[in-house]
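Colleague: sequence and computational prediction follow.
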Amino acid sequence: MSSTETPDIDLGEYKWGFRDEENPVIKMEKGLDEEIIRQISAHKGEPQWMLDFRLESYEIFKSKPMPEWGADLSGIDFDDIFYYLKPAEANARSWDDVPETIKNTFERLGIPEAERKFLAGVGAQYESEVIYHSLKTELEDQGVLFLDTDQALLQHEDLFREYWATVIPPADNKFAALNSAVWSGGSFIYVPPGVRIEQPLQAYFRINAQNMGQFERTLIIVDEGAYVHYVEGCTAPTYSSDSLHSAVVEILVKKGGRCRYTTIQNWSSNVYNLVTKRAVAEADATMEWVDGNLGSKITMKYPAVILKGERAHGEILSIAFAGEGQHQDAGGKITHVAPNTTSVITSKSISKDGGRSSYRGLLRVNKDAEHSKSKVVCDALIIDPESRTDTYPYINISADQVDVGHEATVSRLGEEQIYYLMSRGLSEAEASALIVAGFIEPITKELPLEYAVELNRLIQLQMEGSVG
Amino acid sequence: MADLVIRNLHATIAGTDTEILKGIDLEMSRGEIHAIMGPNGSGKSTLSHVLMGHPGYEVTAGEVTFMGEDLLELEADERSRAGLFLSFQYPFAVPGVTVANFIRMAVNAHRKGGPDGEDDPIRIPEFRKQLQEAMELLAIDKSMSSRSLNDGFSGGEKKRFEILQMAMLKPKIAILDETDSGLDIDALRIVSGGINQLVGPDMGALIITHYQRILDHVKPDRIHVLMDGRIVRSGGPELAYELETSGYAGITEEVSA
């Protein structure tokens, strides 16, 4: 290492870029029109109201222009995407009933093993459909519902309809409208009053086909005094052409309930990841988003919390890692509606090899939300001079007597800091990885041990090959 | 041959012609305490960083042998694993990495690739015991081991933790760069006591200092006066008192006379 070089940290090889041979039960034609939407709905045997909802959403999608802020989305060609692909006939409750190739993929991703070890329930989505679902019987007996969203519509229509699209209406934004038109799969969770699910529920999303669009839709209802931790992970094969992942996640946390939603997004670098996530927290409820964005070509994602009831608490922990050719435009949105509500946004981003990470946050305190408190901290770490970071903090306060703090720092991975660690015997790669691991520690310490280890391992992987 | 042999060492700030070290000669071995004294800007810190392998300096002439090996061929981490240690004047903070975890990583880095090429990571109970003993030696409160390394530490605390790392890594030669600065008198006594206990047949110390204050507590065998990138005088412990009375200016006159 000479003084003119910056630490050479190569992007580790993406380990989940393998692909399976396609063997779909149904694969609809590329591109989108009303007919495709009717086919999806008919195939799923949906009630008429859902078809109407889809068609209205499609009209909204067409009428809305592409967003002109955030990341560059001009590479998306809506006509060059497969909107629906059904990979297997049945949604299995045992891994033995999942087709061999797909089962092998999830084995490689470690899902069945994690399920045996520490999860209360698992959903696995492959292309457009959830192909596996399980929930511990004792939770089923307590009235917990954890199933794929399509099944939830068919089996629990009344409950479903009461909450569906109440947090994120189709007109919210162009991609929410698209999701509303073509949604398929995702998780539906209902936790009855007072039920606390101590082990996490996990869903895993895998795109396999080229030019695939995945549009899962998740709806979580945490009833009064209940608790759930939901974790999602996602990967895809590496293709030269782009795929689109555009999910919608709606969450309602009722009085005194608590929901934690953790994402470890590790899409391959050809995926546009444009996701709308929002939660409403009632009085004394807590909503926490832990949002890790490591993969994808472009991510635009700003998990939101509406603090609707008094003393509700919202927390967003966001971590973004932007490597070569990646733009992570991530952050969070908090709206204080009721008095005495509190929120914290902690954002950490790392940019390297010319990658770009942006923090984009909106903090709004409405007129009635007196005595609310909010703190926003965003820290960026830049590994090399080619990389970039930006901060776009929007703050909009209409109430009196509020306590709002904002701090932002940008630091560079310093040669001298690495030298200091090397003088203790660590290699250059170990030193860089340790600094990065320490930088994101405020996020990893919030994760269950297994995920913290996984996140650190992913970062380690990205730091490999730095010994020059 | 001495453990550390420095011959005619010249160094510049990397990428410039600015020469800081202009021909240093020095020899020392385990069991010895040497002190390098000199005014600000004489090259004291540069010497310590050149020996440790700082990327910001370039060696333009001379040689350094450490335990019979060509030290200048090694990267900083290899120098550390060979048994050289530098207590930094300005240690860096590593937020999010606890003192205990960091020291354990460093200890394990030193136990990598043993005689049989096998890694031999320290067992956690053994590590805890050693760390606790070292912390007691330096009167560091137990709770400090779970704090982020140097993050929000006072100047004196940082120095104490440098010596803690030294105690845990058990180097053959430790360079202590201005370890006394930022220490109040009680802390200086504790840290010096620690150094005295650690120096012995298996360890030597090269103390780099501006003042003779620390030398009241850690008695050097040899003192070298560094001025303008050269060692201008070497002598026994009495040299410190001479400096105390006549100052570096006195030495300058003597040298130029």
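Modeller: Good, I have the coordinates.

Colleague: residues contacting the residue lying closest to B:Val94 once chain neighbours are set aside?
Modeller: Among residues not flanking B:Val94 along the chain, B:Leu149 sits closest, at 4.4 Å (C-beta to C-beta, 6 or more residues apart in numbering or on different chains). (Glycine included, C-beta is placed from N, CA and C.) B:Leu149 is in contact with B:93-94, B:97-99, B:102, B:161, counting by C-beta atoms under 8 Å, 6 or more residues apart in numbering or on different chains.

Colleague: count of neighbours near the residue in chain B positioned nearest to chain A?
Modeller: Nearest residue of chain B to chain A (C-beta to the nearest C-beta) works out as B:Gly96 at 3.1 Å. Using other C-beta atoms under 10 Å in any protein chain shown, B:Gly96 has 22 other residues around it.

Colleague: touching, A:Lys44 and A:Thr149? I think so.
Modeller: No. Contact criterion C-beta atoms under 8 Å: A:Lys44 and A:Thr149 do not qualify, at 10.3 Å.

Colleague: neighbour-wise, which of those two wins?
Modeller: A:Thr149 (22 against 17).

Colleague: which residues are in contact with A:Ser180?
Modeller: A:53-54, A:57, A:60-61, A:165, A:170, A:217, A:248.

Colleague: can you do 6 Å?
Modeller: The contact partners of A:Ser180, by C-beta atoms under 6 Å, 6 or more residues apart in numbering or on different chains, come to A:57, A:170.

Colleague: show me where pLDDT drops low in the stretch 151-257 of chain B?
Modeller: The stretch 151-257 of chain B contains residues with pLDDT under 70 at B:252-257.

Colleague: now the helices for it?
Modeller: All helices of the stretch 151-257 of chain B, identified by DSSP state H, counting those that start in this stretch, fall at B:155-169, B:185-198, B:238-256.

Colleague: now do the stretch 351-468 of chain A
Modeller: Using DSSP H, counting those that start in this stretch, helices in the stretch 351-468 of chain A cover A:415-422, A:428-439, A:441-444, A:449-463.

Colleague: possible to save those as CSV with mean pLDDT and distance to chain B?
Modeller: Converted to CSV, the helices of the stretch 351-468 of chain A look like this (pLDDT from 0 to 100; distance: least, C-beta to the nearest C-beta, whole Å):
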stretch, mean pLDDT, distance to chain B
helix A:415-422, 94, 4
helix A:428-439, 89, 3
helix A:441-444, 86, 3
helix A:449-463, 76, 11
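
Colleague: go through these and name the closest to A:Glu140.
Modeller: For the helices of the stretch 351-468 of chain A, distance to A:Glu140 was read as C-beta to C-beta. The smallest value, 23.4 Å, belongs to helix A:449-463.

Colleague: give me the buried stretch members for the one helix or strand A:Phe160 maps to, please.
Modeller: Taking DSSP states H and E as the criterion, the element that holds A:Phe160 is helix A:157-163. Within helix A:157-163, the residues scored as buried using 16 or more other C-beta atoms under 10 Å in any protein chain shown are A:160, A:163.

Colleague: all strands of the stretch 201-350 of chain A, in order?
Modeller: In the stretch 201-350 of chain A, the strands defined using DSSP state E, counting those that start in this stretch lie at A:201-206, A:213-214, A:217-222, A:227-235, A:243-245, A:248-253, A:258-265, A:271-281, A:286-293, A:298-301, A:304-307, A:313-322, A:327-336, A:342-351.

Colleague: and for A:Ile189, the neighbour number?
Modeller: Neighbour tally, A:Ile189, other C-beta under 10 Å: 25.

Colleague: likewise for B:Ile223?
Modeller: Neighbourhood size, B:Ile223 [other C-beta under 10 Å]: 25.

Colleague: can you tell me the closest non-neighbouring residue to it?
Modeller: Nearest non-adjacent residue to B:Ile223 (C-beta to C-beta, 6+ apart): B:Leu239, at 4.2 Å.

Colleague: what number of residues lie near the one you found?
Modeller: 21.

Colleague: ok, it to B:Ile175 distance?
Modeller: Using C-beta to C-beta, to the nearest Å, B:Leu239 is found at 19 Å from B:Ile175.

Colleague: for chain A, what are the nearby residues on chain B?
Modeller: With C-beta under 6 Å from any C-beta of the partner chain as the criterion, chain B comes near chain A at residues B:14, B:52, B:54-56, B:76-77, B:80-81, B:86, B:92, B:94-97, B:106, B:109-110.

Colleague: please, which helix or strand holds the nearest residue to B:Phe127 once chain neighbours are set aside?
Modeller: Of all residues not flanking B:Phe127 in the chain, B:Arg104 sits nearest, at 5.5 Å (C-beta to C-beta, 6+ apart). Assigned by DSSP H and E, B:Arg104 falls within helix B:99-110.

Colleague: which positions in the helix or strand just after that helix come out as buried?
Modeller: Going down the chain from helix B:99-110, the next helix or strand is helix B:124-137, by DSSP H and E. By 16+ other C-beta under 10 Å, the buried positions in helix B:124-137 come out as B:127, B:130-131, B:134-135, B:137.

Colleague: so what's the residue nearest the centre of chain B bridging to?
Modeller: The centre of chain B sits closest to B:Ile175, judged by C-alpha atoms, centre = their mean, with a distance of 1.8 Å. Bridge pairing for B:Ile175 (DSSP bridges) gives the partners B:Leu86, B:Leu206.

Colleague: same check, this time on B:Glu19
Modeller: With DSSP bridges applied, B:Glu19 shows beta-bridge pairing to B:Thr12.

Colleague: and the pLDDT at it?
Modeller: On pLDDT, B:Glu19 comes in at 95.

Colleague: okay but it is in contact with B:Thr12, surely?
Modeller: Yes. With contact taken as C-beta atoms under 6 Å, B:Glu19 and B:Thr12 are classed as touching, separated by 5.0 Å.

Colleague: what lies in contact with stretch A:431-447?
Modeller: Contacts of stretch A:431-447 (C-beta under 6 Å, 6+ apart): A:7, A:9, A:290, A:317, A:319, A:346, A:348, A:381, A:418, A:421-422, A:452, A:455-456, A:459-460, A:463, A:466, B:94-97.

Colleague: relative to A:Lys301, how far out is A:Leu455?
Modeller: Relative to A:Lys301, and taking C-beta to C-beta, A:Leu455 is found at 17 Å.

Colleague: who has more neighbours, the two?
Modeller: Neighbours were counted for A:Leu455 and for A:Lys301 using other C-beta under 10 Å; A:Lys301 has more, 26 against 23.

Colleague: low-confidence stretches in the stretch 1-150 of chain B?
Modeller: Judged by pLDDT under 70, the stretches of the stretch 1-150 of chain B that qualify are B:114-117.

Colleague: chain A too?
Modeller: A:1-13, A:462-468.

Colleague: burial of A:Gly110, as a residue count?
Modeller: By other C-beta under 10 Å, neighbour count at A:Gly110 equals 14.

Colleague: quick one: contacts for the residue of the stretch 151-300 of chain A found nearest chain B?
Modeller: At 15.4 Å from chain B, A:Gly292 is the closest residue in the stretch 151-300 of chain A, using C-beta to the nearest C-beta. Contact analysis of A:Gly292 by C-beta under 6 Å, 6+ apart lists A:264, A:319.

Colleague: dig out what it forms beta bridges with.
Modeller: Taking DSSP bridges as the rule, A:Gly292 bridges to A:Ile264, A:Ile319.
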